[in-house]
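> Following is a predicted model, sequence given first.
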2 protein chains.
Amino acid sequence: MMRTNLANQTKRRVARMPGPKAVPGRDIEAPTAHEIGKRRPEVRLDGLTSLAGYLIRQAQLWVFADFNTTLAPLDIRPAQYSMLVVIRDNPGLSQMALSEVLGISRSGIIPPLDELQSRKLLKRTAASDRRTHALRLTTEGKALLAHADSLVQQHEQRLMDKVGARGHQQLLNVLEVFGRDS
Amino acid sequence: MMRTNLANQTKRRVARMPGPKAVPGRDIEAPTAHEIGKRRPEVRLDGLTSLAGYLIRQAQLWVFADFNTTLAPLDIRPAQYSMLVVIRDNPGLSQMALSEVLGISRSGIIPPLDELQSRKLLKRTAASDRRTHALRLTTEGKALLAHADSLVQQHEQRLMDKVGARGHQQLLNVLEVFGRDS
DNA sequence: CAAGATTGTTCTTGACGTGAACAATTCTTT
DNA sequence: AAAGAATTGTTCACGTCAAGAACAATCTTG
């Protein structure tokens, strides 16, 4: 079959004895419908979909995927968009303050900031504290962000279509707790 | 200051002229409270917290962080936990089916499966289709997963403490849409 | 002024995910 | 039944994303 790996220790063990042997009358060694009927196995995942954390994870994956396809014409990723918004609303803030508010390490924001700066969307101005950089959007950055905002509204609308207007409002209310530090 | 990078083109520009100069009477070149008052800048991020996608992202980060610290004694990551649960509830399923249901590529599940197998938590049994591996939990895997389940319940309880019982139920209802394919 | 703290940067490391290429096997088609 | 196409698991190369250590420049504090 495939190359050598962890699996080929337990090969060559064919079918299975008729009578169930281990642990007589229990649910273990269950139906195994996958080995017999090949067509559409119908995987059960109730064990996961009843966990809010799993649903949040799946929702987040959908959000990023839809965000990326929506913002693709501008080539703006979610992290980059959040940086542009925070810089626009807080002109002159430092990289340290930005990294704290976005919840990433100060070394982690440097590559995306470099890219945004090389694309002439923001500038690192000198501040009174000469250790820091005062971040500001360029005129071009403000224009692109305005365009991005309208696309993000389309994305938000698609999310609303998916969960309903009522569900969308509930999401904003319930998840508001995670908006600050947390 | 720092080494050579994209920023040090715009250095050596010290303070700022008293009177505002560029674009007379607009919101641009705003208060810049960060350059004057140094103490607790009070960063505004309304622009982000009004987006459901951003809140979902923040909630997801909290969920993973809390999950990881809660499950740390068992050394189980979220992705590994979801694999164990799906294999327990669907004994004998193939790696392909598992990767489809978890939404990752079939090459991407091999490293975590290898680790779980080397830890003797699951085994890759031979199936009637000799191309595939029938995934099953070992007795040890079932025992560890039972322990993990109780820890995950604690984690879920902490999430409920954070959003309230009502909010928790609303999350399950609203996000149920993302539980299947999507 | 000297000692310590802060900021931005680089470098290394690790988790995680995708896509291409490939061997073994099964399925399809005639 | 045999040839060609499709499927499954694997490896490999690659890219993204985030964290931590070390360091220079600068500020703050005693």
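Great, that's in hand.
> how big is the angle separating the longest helix anywhere in chain A from helix B:139-174?
The longest helix of chain A (DSSP state H) is helix A:139-174. Angle of helix A:139-174 versus helix B:139-174, following axes from the mean of the first three to the mean of the last three CA atoms, to 10 degrees, is 100 degrees.
> wait, does helix A:139-174 contact chain B?
Yes: contact of helix A:139-174 with chain B (CB under 8 Å from any CB of the partner chain) involves A:142, A:152, A:155-156, A:159, A:162-164, A:167-168, A:170-174. Glycine gets a C-beta too; all of them are placed from N, C-alpha and C.
> Can you pull out the low-pLDDT segments for chain A?
Scanning chain A for pLDDT under 70 picks out the ranges A:1-41, A:180-182.
> And the helices in it?
For chain A, the helices defined by DSSP H cover A:33-36, A:46-49, A:52-71, A:78-89, A:95-102, A:110-118, A:139-174.
> what does the fifth one rub up against?
The reference is to helix A:95-102. Contact partners of helix A:95-102, identified using CB atoms under 8 Å, 6 or more residues apart in numbering or on different chains, comprise A:79, A:82-83, A:86-87, A:90, A:105-106, A:108-110, A:113, A:132-133, A:135, B:34, B:41, B:43, B:45.
> are any of the residues you listed buried, and which?
A:82-83, A:86-87, A:90, A:109, A:113, A:132-133, A:135, B:34, B:41, B:43, B:45 (16 or more other CB atoms under 10 Å in any protein chain shown).
> contacts with DNA strand C among the residues you listed, please.
Here is what survives when the buried ones among the contacts of helix A:95-102 are matched to DNA strand C using CB under 7 Å from any atom of the strand: A:L113, A:T132, A:H133.
> Identify the residue spatially nearest to A:H147, adjacent ones excluded.
Nearest residue to A:H147 in three dimensions, chain neighbours excluded: A:L74, at 6.4 Å (CB to CB, 6 or more residues apart in numbering or on different chains).
> Likewise for A:F64?
Per CB to CB, 6+ apart, closest to A:F64 is A:P78, 5.9 Å.
> Identify the residues contacting the one you found.
Counting by CB under 8 Å, 6+ apart, A:P78 makes contact with A:F64, A:F67, A:N68, B:G53, B:R57.
> any idea how far the first one lies from B:N90?
To tie it back to what came earlier, the one meant is A:F64. Distance of A:F64 to B:N90, given as CB to CB, to the nearest Å: 27 Å.
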